[in-house]
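K.L.:
turn this into a structure:
(2 chains)
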There are 2 protein chains.
Amino acid sequence: MAPRKSWVQYEPDSHFSLANIPFGIISTTDQPDTRSVAIAIGDYALNLATYSTSSLNVPSAIQALSSTFAQPTLNAFAAQGRSKTSEIRRILQEILTDEPSNEHASAKAAARSAKSDILIPFSSITLHIPFSIGDYTDFYVGLHHAMNCGRLMRGPGQELQPNYLHLPVGYHGRASSVVVSGTGISRPRGQILTAPGASEPVLDLCRKLDFELELGCFVAKANEMGTPVGVKRAFEEGLFGVVLMNDWSARDIQTWEMVPLGPFNAKNFGTSVSGWVVTMDALEPFLVPALQGDRPLLDYLQGDKESMVPDIKLDVTIETPAGTRQKVTNTTSRNLLFSFPQMLAHHTVGGCPFNTGDLLGSGTISGTERGSFGSLFEQTDGGKSMITIAEEPRTFLADGDTVIFSGVCGEEEYGMVGFGECKGTILENKTRMG
Amino acid sequence: MAPRKSWVQYEPDSHFSLANIPFGIISTTDQPDTRSVAIAIGDYALNLATYSTSSLNVPSAIQALSSTFAQPTLNAFAAQGRSKTSEIRRILQEILTDEPSNEHASAKAAARSAKSDILIPFSSITLHIPFSIGDYTDFYVGLHHAMNCGRLMRGPGQELQPNYLHLPVGYHGRASSVVVSGTGISRPRGQILTAPGASEPVLDLCRKLDFELELGCFVAKANEMGTPVGVKRAFEEGLFGVVLMNDWSARDIQTWEMVPLGPFNAKNFGTSVSGWVVTMDALEPFLVPALQGDRPLLDYLQGDKESMVPDIKLDVTIETPAGTRQKVTNTTSRNLLFSFPQMLAHHTVGGCPFNTGDLLGSGTISGTERGSFGSLFEQTDGGKSMITIAEEPRTFLADGDTVIFSGVCGEEEYGMVGFGECKGTILENKTRMG
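P.N.:
Okay, here's the model as predicted:
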C-alpha cells in the first residue's frame, strides 16, 4: 500500500486520512434541519449532496447519485451495492489526492481551488445516526469477554456453553434505541433484586450501569427471505462498513430478567454508535486472522479473508463529572472469534432476510488482562471489586460519567484509518413512576 | 351492547360483523400493484382510499384522511392516535348500520346506494402485511405453555424461572421476517445435534419444525427514548389492534443455540400474522381477567381493565398435503398471565422507545389439557410421542403441511368479532449450501 498524501492538510495521526474516507450523515450549523451524506477527510466533512450538484467538474458517477446523497440516511447509498459504493470512494480518493495527475485531474483541480467552500470544519457539523436501522442483532463473539463472564457467572471450568465455539452466538436487539455518539443516556429503571438471595424484585433505578465495547457493522445488500447469504458473498457484497458501538448494559436488571430468554430491558434503553462509517474497503488492508477456537468449523462458516477481522486498536476513556479523564481499557478487535461475514452467513443460514442498514454488533471485546477488559462488569469482578477511575471510586457508572470509545487502524506513514469517537454521558433519570 | 345490524348481508357467524370493523392493507385483482387501507365487513372489503375520495357524501373526518388511506401500510393511520382511529371506526359503523337514522344518514344512504361499487368481495382482494414493523418483541406470558415447556426441559417442580410471575418475560424478535398469512414458510436449515448426547453439530434441515399459537398486537402511539409508558396510558392510547400470530419454531435449532442468549435462528426464519387488524376498541367488550399468578405485582404493572385480556376462542387446524384437515388445538386467550398494556408498560419502563407499527407477541397460548396446547412441542411431549394428525403420523410438521389459526370473540346475536385466519404452508427448502 503506497503512502498517499492529500491536498487537504491534516495531522499524521488523524483518523480520517486519505486511506479512510468514511461516510456519514451530517447537518451544518447553517442548515441544521437538512441532513445529507458526507465523507470525512482530516478535520473536515465534504457534503456530497452539495458537491455532487456543484459546477466543480464533478465526475459523472458522483453526479448520478446526487439525489441519493441528499437522503437523510445512508440506506439508499449503501443499497447501490458494494461495487458502486467502492467506486465512489475510490473516485473521491482520486479527487482528494495530492498525486500529480490521475483520471479525475480536472475534478481534483476544481475541488482544490474551491476547498474553502466545500470543506466544512467538523466544528460546524453535527453527525446523525447514519442508517435507518430495520433490525439490530448483537452477537457475543468476543471470546475473552465470554470467558470472563462465564467464569464470573458459572465459575472456572464452565466458562463457555457447549455451542459457543461452533457458531457466532447472538440475539436480536432493539433497533429503535440505537443512537448516534453524543446522545445522552438516561439511567434506566427496572426490576432488580436489591440484596443477594432476595426473591422479590423492586422497581428502582439501575445501580449497576455499564458500558460494553463493541464494533457494529451495517449491512449493504439485502437478501430475500429463505435465501441464505454464503460467507463469500457476505464478505464481497453483504456489508457496508463498521462503527464503534457501546452496548450500554444494566447489570442488575439483566441478572434478574435474562434467564431463560436473554437480555431485554437491560439493553434496550440505549445503544450508541459512532457517526462516521468506515467502509469494508478501508478496513480490508488491516485484516488479520480472528482468534481460533480449538474446533473444526462447519463448511458454511469457513473462509480465508472471510473469516479474518480488522486489527483495530480500541480504547475506552471515562470522564467523570469533575472533568477528569482516565483511560480504562486498551484492547484490539483481534480478540474476536468470528468475523462479520461469518456472522451474516450464520444469521441467514436458516433464511432470515436482511434489509440494507440492518446492524450487527460484535459483542463485547476484551483481552486477557484486566486493563484490556471491555466492560466494568469484568474489570470489577462482577461488581465485587471497587476500582479507581480518574481519582473516583467506581464499580459501575455514576450519573454524569462520560464513556468515550476510540478505535484506529494503521500506521501514520500510510495514513490512519480510524473511527473518531463513540461517546455518551449518563444522565440522571428524571422520570417519575406511577 | 345492543345488537346492531348492517345493510351489508353476512352470515351470523361472520368474523367481520358490524361490531368488528378491522383495518387492513389490500390490493385488488384490478389493481394488483396498489396497496391501500381497507376495512372488512362480512365477506367484503371497503377500500378507504377510494371511498374517502368518492362523491358519496363522505363524512369530513374520513375525507381528511384520504392521503393516509392511500398509504401501503397502516402506520400513518395508526399514528393519528387512538382517539382519531376510534372516531373513524365509529363513523364507519354509523355508515354501515341498518338502524333507521343517525348522524351520518346521508353518507349511509349514498354508500348503500353504491354498495355494489364500493364493497369488494374477499375473492377479489389480496391482504398484505398491515404495518411496516420497526421492532418486534415476543413475550412468553402464556402461563400454561411456560409450565409445559419448563416441565419438558427442566422437569416437574422447576417449571417456572424465579422471575416468571413478576414480569412479562420477553425477548427481541426479528422484524424483517414477519409476513402476512398465506406466505409460504421454507423449512429452515441450521446447526443441530442429530443424536442425544452428541456434542458436534451438523448443518442440516430442521427436523422439528413447529407452530406456536400467539396473538400479536401493533403499537399505535410512539414514546420518546427515556420516557416510560404507564400501564394506563398503554391501555388508553398505546395500542392499535390485535392479530393472530404464528411464531414458527425450529425446535432442534433452538435446543442447540438458545443457551445463554435465547432463541435466534430457531425463530427468525419466519413469523406469520393475520391480515385484518382487530382494533382494541372492538376487543374491549370481551375483556376478562387474565390468569392470576400467585404473587403481588409491582405498582407499574397493576391495573383494572389494563390488566385484562380479550377472551378470544382460538383454534389450530392442520391440513396435510393429502388435503385432509384436523383441528389439533382448542384454547382461549384467557390463558395469558399479562395483558398487552402490561407488556408495553414493562417494555418501556427503562426508557425503550417505540415507533408506530412495532409488534408485540403474546407468547404461545396453551390451556391445561393436551387438546388445548398451542404447539406440537407440547402435544408430543417434546417430540417423544408420535401423534396422529389427519390420519398421518406426526411429531412435528412435514413439508406441505398447512397450519391454520382461527380466533373469534362474542356471540352471534350481537355480531362476532373475529380475526379470520392466519395460515402458512411449510415449503420444501430448495436452497443448496456451499
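K.L.:
buried ones in the top strand by length along chain A?
P.N.:
When chain A is parsed with DSSP state E, its longest strand is strand A:417-427. Buried residues in strand A:417-427, counted by 16 or more other Cβ atoms under 10 Å in any protein chain shown: A:Val417, A:Gly418, A:Phe419, A:Gly420, A:Glu421, A:Cys422, A:Lys423, A:Gly424, A:Thr425, A:Ile426. C-beta: built from backbone N, CA, C; applies to glycine.
K.L.:
adding pLDDT and distance to chain B, write these out as TSV.
P.N.:
Below are the buried residues of strand A:417-427 laid out as TSV (pLDDT from 0 to 100; distance: Cβ to the nearest Cβ, whole Å):
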residue	pLDDT	distance to chain B
A:Val417	98	31
A:Gly418	98	28
A:Phe419	98	23
A:Gly420	98	23
A:Glu421	98	21
A:Cys422	98	17
A:Lys423	98	17
A:Gly424	98	12
A:Thr425	98	13
A:Ile426	98	12
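K.L.:
out of the residues you listed, what pair is the most spread apart?
P.N.:
A:Val417 and A:Ile426 (29.9 Å; Cβ to Cβ).
K.L.:
burial count for the nearest residue to A:Asp43 once chain neighbours are set aside?
P.N.:
For A:Asp43, ignoring the flanking residues on the chain, the nearest one in space by Cβ to Cβ, 6 or more residues apart in numbering or on different chains is A:Phe122 at 5.1 Å. Per other Cβ atoms under 10 Å in any protein chain shown, the neighbour tally for A:Phe122 reads 15.
K.L.:
looks like A:Phe122 contacts A:Leu46 (just checking).
P.N.:
No. In this structure, A:Phe122 is not within contact of A:Leu46 by Cβ atoms under 8 Å, at 11.6 Å.
K.L.:
quick one: common contacting residues for those two?
P.N.:
Common neighbours of A:Phe122 and A:Leu46 (criterion: Cβ atoms under 8 Å, 6 or more residues apart in numbering or on different chains): A:Ala40.
K.L.:
for the residue nearest to A:Asp43, grab phi and psi.
P.N.:
phi -50, psi -30 (degrees, to the nearest 10).
K.L.:
residues contacting it?
P.N.:
Under the criterion of Cβ under 8 Å, 6+ apart, the contact list for A:Phe122 reads A:Ala40, A:Asp43, A:Tyr44, A:Ala45.
K.L.:
in strands, which of those appear?
P.N.:
By the criterion of DSSP E, membership of these in strands covers A:Ala40, A:Tyr44, A:Ala45.
K.L.:
from those, which single one is nearest A:Pro130?
P.N.:
Lowest distance from A:Pro130 to the ones in strands among the contacts of A:Phe122 (Cβ to Cβ) belongs to A:Ala40, with 11.8 Å.
K.L.:
what is the burial count for the closest one?
P.N.:
Neighbours around A:Ala40, by other Cβ under 10 Å: 27.
K.L.:
now do A:Ala390
P.N.:
Other residues near A:Ala390 come to 18 when the count uses other Cβ under 10 Å.
K.L.:
just the pLDDT for it.
P.N.:
With respect to pLDDT, A:Ala390 has a value of 91.
K.L.:
that one and A:Arg325 touch, don't they?
P.N.:
Yes. The pair A:Ala390 / A:Arg325 is scored as a contact, 6.0 Å apart, by Cβ under 8 Å.
K.L.:
between those two, what contacts are shared?
P.N.:
With Cβ under 8 Å, 6+ apart, A:Ala390 and A:Arg325 have common neighbours A:Ile318, A:Glu319.
K.L.:
need the contact partners of the longest helix seen in chain A.
P.N.:
Counting by DSSP state H, the longest helix found in chain A is helix A:82-96. For helix A:82-96, the external contacting residues (Cβ under 8 Å, 6+ apart) are A:4, A:6-8, A:18, A:21, A:23, A:39, A:41, A:46, A:59, A:61-62, A:65, A:77-78, A:102-104, A:107-108, A:111, A:220-221, A:236-237, A:239-240, A:279-282.
K.L.:
and the angle for the very next helix or strand once past it with helix A:82-96?
P.N.:
Next helix or strand after helix A:82-96 toward the C-terminus (DSSP states H and E): helix A:105-113. Interaxial angle of helix A:105-113 relative to helix A:82-96 (axes from the mean of the first three to the mean of the last three Cα atoms, to 10 degrees): 60 degrees.
K.L.:
just the closest residue of the stretch 301-434 of chain A to chain B, please.
P.N.:
A:Gly350 (3.5 Å; Cβ to the nearest Cβ).
K.L.:
assign a three-state SS to that residue, would you?
P.N.:
coil (DSSP: H, G, I helix; E, B strand; the rest coil).
K.L.:
that one: what's it in contact with?
P.N.:
Counting by Cβ under 8 Å, 6+ apart, A:Gly350 touches A:Pro228, B:Pro188, B:Arg189, B:Gly190, B:Cys206, B:Ala250, B:Ile253, B:Asn265, B:Ala266, B:Asn268, B:Phe269.
K.L.:
between the contacts of A:Phe122, which is closest to A:Pro32?
P.N.:
Comparing the contacts of A:Phe122 against A:Pro32 with Cβ to Cβ places A:Ala45 closest, at 14.3 Å.
K.L.:
ok, the closest one touching A:His128?
P.N.:
No. Checked against Cβ under 8 Å, the pair A:Ala45 and A:His128 is beyond contact range at 11.9 Å.
K.L.:
between these two, what contacts are shared?
P.N.:
With Cβ under 8 Å, 6+ apart as the test, A:Ala45 and A:His128 both reach A:Gly24, A:Ile26.
K.L.:
please say which of those two ends up with more neighbours.
P.N.:
Neighbour tally, A:Ala45 and A:His128, criterion other Cβ under 10 Å: the higher count belongs to A:Ala45, 24 against 17.
K.L.:
what helix or strand is the closest residue in space to that one that isn't next to it in sequence located in?
P.N.:
Distances taken as Cβ to Cβ, 6+ apart place A:Ala38 nearest to A:Ala45, at 4.3 Å, with adjacent residues excluded. Counting by DSSP H and E, the element that carries A:Ala38 is strand A:36-41.
K.L.:
enumerate the residues of the stretch 201-350 of chain A near chain B.
P.N.:
A:201-203, A:206, A:225-228, A:230, A:250, A:253, A:256-266, A:268-270, A:298-300, A:346-347, A:349-350 (Cβ under 8 Å from any Cβ of the partner chain).
K.L.:
now do the strands in the stretch 301-434 of chain A.
P.N.:
A:308-310, A:313-319, A:325-332, A:359-361, A:387-389, A:392-394, A:402-409, A:417-427 (DSSP state E, counting those that start in this stretch).
K.L.:
by contact count, what packs against the fourth one?
P.N.:
So the one you mean is strand A:359-361. Applying 3 or more Cβ pairs under 8 Å, 6 or more residues apart in numbering or on different chains; DSSP states H and E, one finds that strand A:359-361 contacts strand A:136-139, strand A:213-219, helix A:340-348.
K.L.:
give me the number of residues near A:Thr137?
P.N.:
As a burial measure, A:Thr137 scores 24 neighbours (other Cβ under 10 Å).
K.L.:
any idea how far B:Thr183 is from it?
P.N.:
As for A:Thr137, its distance to B:Thr183 is 22 Å (criterion: Cβ to Cβ, to the nearest Å).
K.L.:
please apply the same query to A:Lys313.
P.N.:
Using Cβ to Cβ, we find A:Lys313 at a distance of 46 Å from B:Thr183.
K.L.:
if anything else comes up later, I'll come back, but that's it for now.
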